[in-house]
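Trainee: sequence and predicted model, in that order:
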Amino acid sequence: MTLVLTRHARPGAEAAFDDLLHRLAGAATGFPGHQGVQVLRPDPGSGSPYTIIVRFASQAELDTWTRSDVRRALLAEADRLTVDGLMVQRLSGLEGWVRLPGAKVVVPPPRWKVAVVTWVAILPVIEVLSALFFPRLTAWPWYARPVALTLVMIPLMTWVVMPAATRLARPFLYPR
């Protein structure tokens with residue numbers, strides 16, 4: 001699970017806000033399932049917000065962090081250092097499969113690029129699994145066959161195929 005958070009620091013409070021973000025990231029690392037924090041600082045005077053990207057291994061672990069007293073206290077402190085409310089975007093779909101190799105957390109590429117890479121990666125997996133499993137599953141009820149196939153396909157896509165596809169498609173997904 002990935003959270004993308006944005007906030008505008010109060011003018012003159014940027015250094016204090018940076019310190020707070022450092023303490024917030026440090027606190028998050030102590031929670032189970034934490035996979036990284038990345039802070040994208042705006043150019044001085046640009047009027048752009050800070051973007052904070054936080055990743056956890058699961059929704060339950062993310063919920064433990066977001067409901068914690070330590071996070072609540074740090075967010076209350078952040079309210080005094082910022083001029084706007086916290087904007088939160090949750091990412092948990094296919095975009096979570098696509099990460100820049102070597103980076104802990106990034107903002108995902110455009111969805112259409114994710115869709116293209118996913119299609120190119122999933123097509124041969126479907127063909128191979130169908131060839132391997134279909135002859136053995138013909139006696140199964142029609143509704144049980146996709147359950148069996150997806151039970152194998154989804155972990156395979158998540159931990160084997162998409163990480164490899166992401167590495168191979170890096171120039172397409174993350175052009176310089």
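Mentor: Right, received. Where do you want to start?

Trainee: when you work out contacts or count neighbours from here on, use the C-alpha atoms and nothing else.
Mentor: OK.

Trainee: list the buried residues in the longest helix along the chain.
Mentor: Longest among the helix segments of the chain by residue count, using DSSP state H, is helix 111-137. Residues of helix 111-137 classed as buried: 113-114, 117-118, 121-122, 130, 137 (neighbour count, 16 or more other CA atoms under 10 Å).

Trainee: state the pair within these that is farthest apart.
Mentor: Spatial extent of these (CA to CA) is set by the pair K113 and L137 at 33.7 Å.

Trainee: so what secondary structure elements neighbour the worst-scoring helix or strand of the chain on mean pLDDT?
Mentor: The helix or strand of the chain with the lowest confidence, counting by mean pLDDT, DSSP states H and E, is strand 87-91 at a mean of 79. In terms of contacts (3 or more CA pairs under 8 Å, 6 or more residues apart in numbering; DSSP states H and E), strand 87-91 is packed against strand 2-7.

Trainee: list the strands paired with the strand it packs on, with their directions.
Mentor: strand 50-56 (antiparallel), strand 87-91 (antiparallel) (DSSP bridges).

Trainee: quick one: mean pLDDT over that strand.
Mentor: Strand 2-7 carries an average pLDDT of 86.

Trainee: so what touches that strand?
Mentor: Contacting residues not belonging to strand 2-7 are listed as 49-56, 82-92, 96, 107 [CA atoms under 8 Å, 6 or more residues apart in numbering].

Trainee: show me where the protein has its helices.
Mentor: Going by DSSP H, the chain shows helices at 14-29, 59-66, 69-81, 111-137, 144-156, 162-168, 170-173.

Trainee: for M1, which of these is the nearest?
Mentor: Within the helices of the chain, the stretch nearest M1 is helix 59-66; the backing value is 6.0 Å (CA to CA).
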